Each structure stands twice: as C-alpha cells, then as structure tokens.
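Chemist: I would like to see how this sequence folds:
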Amino acid sequence: MGTLKGAKKIIEVLKKSGYEGYIVGGAVRDHLLRIPLTDVDITTNAKPHQVAKLFTTKPTGLKYGTVTIIMHDETYEVTTYRIDGDYLDGRHPEEVTYAVTAEEDVKRRDFTINGLLMTEAGEVIDYIDGQLDLRARIIRTIGDPHERFNEDALRIMRAFYFQAKLGFQIDKTTQLAIESLRFKLKDIAMERIMNEMLKMLKGDHVRRALQTMVHTKVHEVLPGLEKGILYIQKMEEIPFIDPFFILCFILNGSIPDAWPFSNKHRHRYETAMLLANTYKTFDPYVLYTYGLDLCLLANRVSHMLGRTKNMKNKIEEDFNSLPIQSDLDLKLRATDIIRIADKKAGAWVKKLQTEMVVEVLNKRLNNEKNELEAYVLKRIKE
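Modeler: Numbers count the residues shown, from 1 in each chain. So this is what the prediction gives:
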C-alpha cells in the first residue's frame, strides 16, 4: 500500500518531466475525512510507457492505461487520463481513449466523493462538487446515475459498500436509479458481487446499507439472501460474514449454486446449517464429531433466529471437558485392534473404533490402553 507522501513524490517527478499528475479517488476522500487510507491512486496525462521510463513499474492494466509503480516496497496505481468507450458487458469499457484533461477523466468516475483530485502541495481540486457531498455525507453518482449504473452495474454494490464504510446517505436520485436498474446485477460475475458484499459486511455501518438494499429492493436479486437481509436489518447486532450467510441460507432453505464459495467454505456453511437445524444442544459425540468452532457457529445462528439460548460458555466448557477430542487421542490404534483381534483389516475396525469413542465420551469406558484392549477382546468374543 502506498502513502500520500510517496504519491506526492511521484507527482513531483512527473511534473519535473513535463507531465501533470494528481492523487485521485479514495485516498483524497479518506484523507479529507481523516480516516485511514487504503490504496493511493494517481492520475496523469503521461502515457503508461512514459511513466515506465521514470519509475519501476509493472503492467497491471495497460488496456485501460494503468501501470503500478513500485517504490520503497510501496505500490501506486497510476492511470492515464481517459474517456471510457461503451460498456457492452456492463462492467468494463470496450475501449478507452486517452483524455486531454484531468476534468475529463474525473467525470467518467463513479461517485462524487471519489472524484476529488489532490496536488503534490495538498491542494484539493473539485470539478464535481465532491467536497459538498463529503460535508453533507451523501453518496451521489457523477452525472446521470442511470448512465453510471448502465455502464457498470457493480457500482450499485459499491454504493452499499461505501455506505457501510462511511455511514453516508445515498442520494435519493441515485437510490431511484439503483432500484430501477437492480436487475442488471444479474449480468455481473458473482465473484465481483461477493467481493463487494464481503467488504460491505466489514463496515461499521452495515445495518444502514442493508436497510437501503431493502428500500431499493436489491435484496430481491441477490440469490438466497432476500429473507435473511429482511431479518438481519432489524437485528440489534448485525452478524459478521459467516453467521450472516449461514442465517440467510437457513431462511432460504439452501445455499444457491450461484455463490462462488470455495469447497471448504461451502462445506462449512452446509455443516453449520445442518447443526443449527438439527440440534438445540450438543452432546459429547456431536461436539467431538463436528468440533468446537462449528458447534459455536451453529449455536450463534440458532440464537439469532430465536430458536435457542446463547450457550457459548457451556459449549466451550463441555468441549474442553471431553475425555478425547479427536481419533488421535484414543490410546489404542487401528493396528493394535487388528493385532488383538487377530483378524484382517476391514470396515469392522472403524466401527469398533467408533464404538470405543462413544463409550469413552460418555465416560462408560476410560481412555486407558489396558481397558480399551479388554473392550476389544470382549467385543470380538461377542
């Protein structure tokens, strides 16, 4: 991640070489709001190959006039002033044309609060009344919101992300455009929608964003989330990422295939849903089988749905008091069982192991090698 100080040095080098350059976008916004910066981006009239002659760069978006400068282990995305062509895929311009002025470049961007420029001296240049909207705490598109969202429907999700991050109100005209164009989100790759959802859910003002989603009916076009968002927006405490999705999918009845979760995450959500739908309390064998994390997660979601009490402390105490917490804790290995029984390996070994685990967990059998050996001999004779 870059810094304002580093970006100002880059602009100074650009200007000494006869080019223009400004810090642009989120870094200017967050600096004016006095909140921590994330990425620091620069816009310039220098072409990518001209920037590459002045700095160490890597080509990260040459099609769109972008290179990334690497300086002192920090990175800065630098994009040539441009005017975007038609957005035929609803996400990216088919072609870009280099613009002459920074003002032209700014006016093709998404929201006024993201269209501010800053010079190397710290002077803010504002062509789109972004500072007025910052002071008024308003999220508003630059120009006609229908045009902006038709160009790139993902900007709808980004409006909610900025609302969750900043706590700003989304401008009424912008909201009306979001509502009328919400179905265009179906043309956007779910990976991109999920990425914006994840960022939104980390925001300090996520409830406000969820409420605006409901007001603009965007919750209706997000697969499997409609009932969950309606429920969660009214909760006293908004759940974080995993409980959020699990609660939504329980109310939906399943996890839609559309969401591009990893196999690991999908399995985690499916298991937590199964536990939440099946158990109000967790006996030793369930705790042993599914582990502490999933049982706590299932209980938390069940509690949020009003199905059970919050049993976090009891679940942790019960898990920590289990005589064994995994197969490896059992003091008799499969090879020992086969030796004692003097039989060939087979499914019977796993079955017998499971029997012993249940007996040990229910404290009817001690996890001692001699007792386990005696149990195996007894079961073999039977």
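Chemist: CA atoms for contacts and neighbours, from now on please.
Modeler: Will do.
Chemist: I'd like the distance between the residue lying closest to H205 once chain neighbours are set aside and I139.
Modeler: Excluding the flanking residues, the one nearest H205 by CA to CA, 6 or more residues apart in numbering is A164, at 4.3 Å. In this view, A164 and I139 are 11 Å apart by CA to CA, to the nearest Å.
Chemist: circling back to that earlier point, surely the residue nearest to H205 is in contact with T212?
Modeler: No: at 10.1 Å, A164 does not count as touching T212 under the criterion of CA atoms under 8 Å.
Chemist: so the two - more neighbours on which side?
Modeler: In terms of neighbours (other CA atoms under 10 Å), A164 is the more surrounded of A164 and T212; the figures are 23 against 20.
Chemist: report the contact partners of that one.
Modeler: Shown in contact with A164 (CA atoms under 8 Å, 6 or more residues apart in numbering): M200, L201, K202, G203, D204, H205, V206, R207, R208, A209.
Chemist: point me to the helix or strand that includes it.
Modeler: Per DSSP states H and E, A164 falls inside helix 154-166.
Chemist: how far off centre is the host helix or strand of Y375?
Modeler: In the assignment (DSSP H and E), Y375 maps to helix 369-381. Helix 369-381 sits 51 Å away from the centroid of its parent chain (CA atoms, centre = their mean, to the nearest Å).
Chemist: swap in stretch 179-193?
Modeler: 17 Å.
Chemist: then stretch 311-322?
Modeler: Counting by CA atoms, centre = their mean, stretch 311-322 comes out at 30 Å from the chain centroid.
Chemist: so what pairs up with I139 in the strands?
Modeler: I170 (DSSP bridges).
Chemist: where exactly do the helices run in the stretch 51-200 of the chain?
Modeler: 102-106, 130-136, 145-151, 154-166, 172-181, 190-201 (DSSP state H, counting those that start in this stretch).
Chemist: helices or strands up against the third one?
Modeler: Using 3 or more CA pairs under 8 Å, 6 or more residues apart in numbering; DSSP states H and E as the contact criterion, the secondary-structure elements in contact with helix 145-151 are helix 154-166, helix 172-181.
Chemist: and for the last one?
Modeler: Contacting helix 190-201 under the criterion 3+ CA pairs under 8 Å, 6+ apart are the following elements: helix 154-166.
Chemist: number of residues surrounding H265?
Modeler: 12.
Chemist: so it lies in a strand, does it not?
Modeler: No: according to DSSP: H, G, I helix; E, B strand; the rest coil, H265 belongs to no strand; its state is helix.
Chemist: so who does it touch?
Modeler: Counted by CA under 8 Å, 6+ apart, H265 has zero contacts.
Chemist: how near is it to P243?
Modeler: 12 Å.
Chemist: cool, V24 as well?
Modeler: Distance of V24 to P243, computed by CA to CA: 36 Å.
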